[in-house]
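J.: Would you be able to build a 3D model of this:
(2 chains)
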Protein chains: 2
Amino acid sequence: MISSTFQRRVLTSKSFQKFVRDISLSSTMAAKIGDPIPNVDLFEKTPANKVNVKSLTQGRKIVIFGVPGAFTPGCSKSHLPSYVTRADEIKSKGIDELVCVSINDPFVMAAWAEATGAEGKVRLLADTKGDLTKKLGLDIDMTDKLGSVRSKRYAMLVADGKIEKLEVEPDGTGLSCSLAQNFVEKL
Amino acid sequence: MISSTFQRRVLTSKSFQKFVRDISLSSTMAAKIGDPIPNVDLFEKTPANKVNVKSLTQGRKIVIFGVPGAFTPGCSKSHLPSYVTRADEIKSKGIDELVCVSINDPFVMAAWAEATGAEGKVRLLADTKGDLTKKLGLDIDMTDKLGSVRSKRYAMLVADGKIEKLEVEPDGTGLSCSLAQNFVEKL
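T.: Predicted coordinates:
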């Protein structure tokens, strides 16, 4: 028989709570055009600096693109640079801000911004616990290679809190429709 | 009543398997002097490049230090540099290699090595899924700030597969006994 102390320890453990959260989140449908952007916080540079993604898009047009990981080859050599180099062109189409989101911690994201020269062009925000990515249903299990659930590669236009355009890589991590040179055509 | 399909889905889910693994690992006693170093793989620069930590220490003397996170302020400004600047002094005491371990992915660890000038002095190895850290019982839950379980700050001397000296920061993340200038006195 399992003791009630053990049961209590299990039920209050962070692991179990995460498991329950994952079960409920894994039933989330992937986001689609017309959906509201989730009301969750991202983090910029430090864990203390919250950026609410819903507020960020209020009354503004924002391009948000998600990547599997800071400093990974596809993200560092292709995806992020495609937006950094086209930031002015994209903003000239009435976009207020470009935001790159990844499930990494805020310190790693800040270091990646510095290493890639993204500052002032693309804002790098940490989805530390994956709250945004999971609510969008755009998470992908990369535990074996990267140690955790990460974000699929995608690009979206969010205007005044609503997803107006969305391109998700068909295989989750490829480099096609979500690259700036292809997504800019849709704006 | 819960359907058997649902039960099967839960029992085979990665989340549930992780939960069960975490429960069994959370009962692990913290490592102590005299213990063998666990027989697990770490990763260097890419997820394809495994480094078995037991083999690494066979017939050699290795200083391994664990840190909460690549690019976090305490690790980037104090802990790792304390070893990088004293690498020659430590090696002159008969130490074959210095290894820094963190629960980060291999790409982030490689970028951190480059950013800190660690290459050739301290080898940065990724404990991608936390296998080493958890088996050592030196994990600490930093989900709120960094998104996951991370490593406590520690320094150990491993000689021929056995832990010969071990200093774990009393509060888990402080910067005292595990810093190179303090640990070198014990060698």
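J.: Going along the chain from the strand or helix carrying A:Lys165, find the next helix or strand for me.
T.: In this assignment (DSSP states H and E), A:Lys165 forms part of strand A:162-168. Using DSSP H and E, the helix or strand that directly follows strand A:162-168 along the chain is helix A:180-183.
J.: Give the other helices and strands that that next one contacts.
T.: strand A:61-67, helix A:80-85, strand A:162-168 (3 or more C-beta pairs under 8 Å, 6 or more residues apart in numbering or on different chains; DSSP states H and E). Yep, even glycine has a C-beta here, placed from its N, CA and C like the rest.
J.: pLDDT (mean, whole number) over the first one?
T.: Same thing as strand A:61-67. The average pLDDT within strand A:61-67 is 98.
J.: Any idea how far that strand is from the middle of the chain?
T.: Chain-centre distance of strand A:61-67: 8 Å, with C-alpha atoms, centre = their mean, to the nearest Å.
J.: Give me the neighbour count for A:Gly130.
T.: Neighbourhood size, A:Gly130 [other C-beta atoms under 10 Å in any protein chain shown]: 22.
J.: on that earlier part again, which outside residues touch the strand holding A:Lys165?
T.: Contacts with strand A:162-168, where a contact means C-beta atoms under 8 Å, 6 or more residues apart in numbering or on different chains, come from A:30-37, A:138, A:152-158, A:177-178, A:182-183, A:186-187.
J.: Span of stretch A:53-71 from start to end?
T.: End-to-end distance for stretch A:53-71, by C-alpha to C-alpha, to the nearest Å: 23 Å.
J.: Buried residues in that stretch, which are they?
T.: Across stretch A:53-71, burial judged by 16 or more other C-beta atoms under 10 Å in any protein chain shown covers A:53, A:56-57, A:61-71.
J.: quick one: that stretch near chain B?
T.: Yes: Stretch A:53-71 reaches chain B (C-beta under 8 Å from any C-beta of the partner chain) through A:Gly69, A:Ala70, A:Phe71.
J.: so of the contacts of strand A:162-168, which ones are in strands?
T.: Residues of the contacts of strand A:162-168 located in strands (DSSP state E): A:Tyr154, A:Ala155, A:Met156, A:Leu157, A:Val158.
J.: what's the nearest residue to the third one if we skip its chain neighbours?
T.: Excluding its sequence neighbours, the residue lying closest to A:Met156 (C-beta to C-beta, 6 or more residues apart in numbering or on different chains) is A:Leu166, at 4.5 Å.
J.: Quick check: that neighbour vs A:Ala180, distance?
T.: 15 Å (C-beta to C-beta, to the nearest Å).
J.: now A:Asp144
T.: 29 Å.
J.: out of the two, which sits in the busier spot?
T.: A:Ala180 (24 against 9).
J.: OK, contacts around the closest residue to the more buried one other than its chain neighbours?
T.: Excluding the flanking residues, the one nearest A:Ala180 by C-beta to C-beta, 6+ apart is A:Ser82, at 3.9 Å. Neighbouring residues of A:Ser82 by C-beta under 8 Å, 6+ apart: A:Leu179, A:Ala180, A:Gln181.
J.: from memory the last one sits against A:Glu89, does it?
T.: Spelled out, that is A:Gln181. No: in this structure, A:Gln181 is not within contact of A:Glu89 by C-beta atoms under 8 Å, at 9.6 Å.
J.: that older thread, may I see the buried residues of the strand holding A:Lys165?
T.: Of the residues in strand A:162-168, those buried (16+ other C-beta under 10 Å) are A:Ile163, A:Leu166, A:Glu167, A:Val168.
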